[in-house]
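S.K.: sequence and predicted model, in that order:
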Amino acid sequence: MKSSAHGAISLAVGLAAVVVAPPPIPAVAAVALAVAVGVGIDFDHFLLARYNTGHWGAAVRCLRDPRIVFLDQDAIFEAGDVGSLNRLLTHVLIGGVAVPLAYVWDPYVGALVAASLYAHLLADLVAAARTSVVVERSSLDAERSADGGHSERDPPR
């Protein structure tokens with residue numbers, strides 16, 4: 001999902017939050033926080049790409065040509081650099097740390113961070129469900145063992 005879509009969703013979360021419950025911080029700051037959290041969590045993609053590829057190619061591309069961050073996000077990562085499930089897992093891990101820390105600082109801010117991250121994760125899950133195909137490894141293993149260790153996807157011998 002593109003940052004602009006996450007930004008719009010996070011903006012809606014922030015605006016809804018300040019309407020539903022008056023924030024202890026300026027309303028503009030609360031909305032800005034929701035947007036920053038909802039878009040900023042995607043920086044973990046660079047760490048995942050580094051872990052998966054062994055190099056900082058995606059980050060270097062963005063530093064060399066910052067326009068792609070805003071105008072051509074599809075050019076940032078190569079196919080397979082990040083991984084859908086890994087991305088979702090790191091989002092959950094980050095949220096599991098960020099939300100309690102924010103809550104300890106201020107319960108309203110913690111709830112706002114939780115709502116923004118929840119909306120981001122839900123949007124990612126919906127997008128993944130619409131575009132991804134998930135195959136369990138066990139079904140692939142069963143398929144290979146049934147035909148003597150070969151799959152119809154394997155090249156003929």
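M.R.: Thanks, I have it.

S.K.: contacts and neighbour counts: CA atoms only from here.
M.R.: Noted.

S.K.: show me where this protein dips below the pLDDT cut-off.
M.R.: Along the chain, segments meeting pLDDT under 70 span 132-157.

S.K.: quick one: the helices in it, in order.
M.R.: For the chain, the helices defined by DSSP state H occupy 3-20, 27-40, 44-53, 57-64, 67-71, 84-105, 107-131, 137-146.

S.K.: could you give the separation of the second one from the chain centroid?
M.R.: Relative to its parent chain, helix 27-40 has a centroid offset of 16 Å by CA atoms, centre = their mean, to the nearest Å.

S.K.: and the angle for it with helix 107-131?
M.R.: 40 degrees (axes from the mean of the first three to the mean of the last three CA atoms, to 10 degrees).

S.K.: quick check: buried residues in helix 27-40?
M.R.: For helix 27-40, burial by neighbour count (16 or more other CA atoms under 10 Å) applies to 27, 30-39.

S.K.: what distance do you get for the residue lying closest to Asn86 once chain neighbours are set aside to Asp42?
M.R.: In space, and not counting its chain neighbours, Asn86 is closest to Leu48: 7.6 Å by CA to CA, 6 or more residues apart in numbering. Note on Leu48: its distance to Asp42, by CA to CA, to the nearest Å, is 10 Å.

S.K.: and if you look at Gly96?
M.R.: 15 Å.

S.K.: who has more neighbours, the two?
M.R.: Asp42 (19 against 13; other CA atoms under 10 Å).

S.K.: list the contacts of Ala49.
M.R.: 55-56, 58, 77, 81-82 (CA atoms under 8 Å, 6 or more residues apart in numbering).
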